[in-house]
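[1] Structure of the sequence below:
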Amino acid sequence: VCLSSVQKRSDHGTNLDKDSDVTVKVTCMFYNMYRKSKELPSLPTAVSQQLSNRLVSVKWLKDEAESGPLPAGLEQELNAALGGGQKKQEDLEQTLRKIISLEENARYLSGCRLPPEDVTSSIVEGLKAVVA
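    Numbering: from 1, shown residues only. As a prediction, this is how the structure comes out:
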């Protein structure tokens, strides 16, 4: 879902958008920082423990997207691409772009996100809570 979102945006301030050739690399890096791991705390956990407990956690995925499995076809395509032993970052980037841009996959991934106005409202409310 993150990769799909990054590859759809344009004119992003950091140039990490549909025209970038490193979206897979950067999205995977951020995923690894935010995921829960047995070895290391996630980035939000580390920040709250080491620096500040005044974090805003924003829900941006629909509940069913967080708990439900991927559609079988999409999961198979992603597993094949990621397990395919592709040697070059550029090759993996192009393969994943093709997979997530297929109409059925793109529709599913877009449907996983909450509406932008809900996310914005959540951010504003969270900021009010930590600033108060």
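[2] Counting neighbours, which bits of the lengthiest helix in the chain end up buried?
    Ranked by residue count, the top helix of the chain under DSSP state H comes out as helix 116-131. For helix 116-131, a neighbour-count test (16 or more other C-beta atoms under 10 Å) marks 122, 126 as buried. Glycine gets a C-beta too; all of them are placed from N, C-alpha and C.
[3] try stretch 43-62
    60, 62.
[4] Excluding sequence neighbours, find me the nearest residue to the one residue sitting closest to the centre of the chain.
    Geometric centre of the chain, nearest residue: residue 2, 2.3 Å, by C-alpha atoms, centre = their mean. Nearest residue to residue 2 in three dimensions, chain neighbours excluded: residue 27, at 5.2 Å (C-beta to C-beta, 6 or more residues apart in numbering).
[5] how many other residues sit next to the one you found?
    19 (other C-beta atoms under 10 Å).
[6] Dump stretch 123-132 to PDB, restricted to CA.
    Extracted C-alpha coordinates of stretch 123-132, given in PDB (Å, rounded to 0.1, in the frame of the first residue of the first chain):
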ATOM      1  CA  ILE A 123      -3.400  14.300  12.500                       C
ATOM      2  CA  VAL A 124      -5.000  17.600  13.700                       C
ATOM      3  CA  GLU A 125      -6.600  15.900  16.700                       C
ATOM      4  CA  GLY A 126      -3.400  14.100  17.600                       C
ATOM      5  CA  LEU A 127      -1.400  17.400  17.500                       C
ATOM      6  CA  LYS A 128      -4.000  19.100  19.600                       C
ATOM      7  CA  ALA A 129      -3.700  16.400  22.200                       C
ATOM      8  CA  VAL A 130       0.200  16.400  22.400                       C
ATOM      9  CA  VAL A 131       0.400  20.200  22.400                       C
ATOM     10  CA  ALA A 132      -2.300  20.800  25.000                       C
END
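[7] Just the element for residue 21, please.
    Counting by DSSP states H and E, no helix or strand carries residue 21.
[8] cool, and the one 10 residues further on?
    Here residue 31 sits within helix 23-34, counting by DSSP H and E.
[9] Mind giving me the packing neighbours of that helix?
    Secondary-structure packing of helix 23-34 (3 or more C-beta pairs under 8 Å, 6 or more residues apart in numbering; DSSP states H and E): helix 2-8, helix 43-50, helix 89-101.
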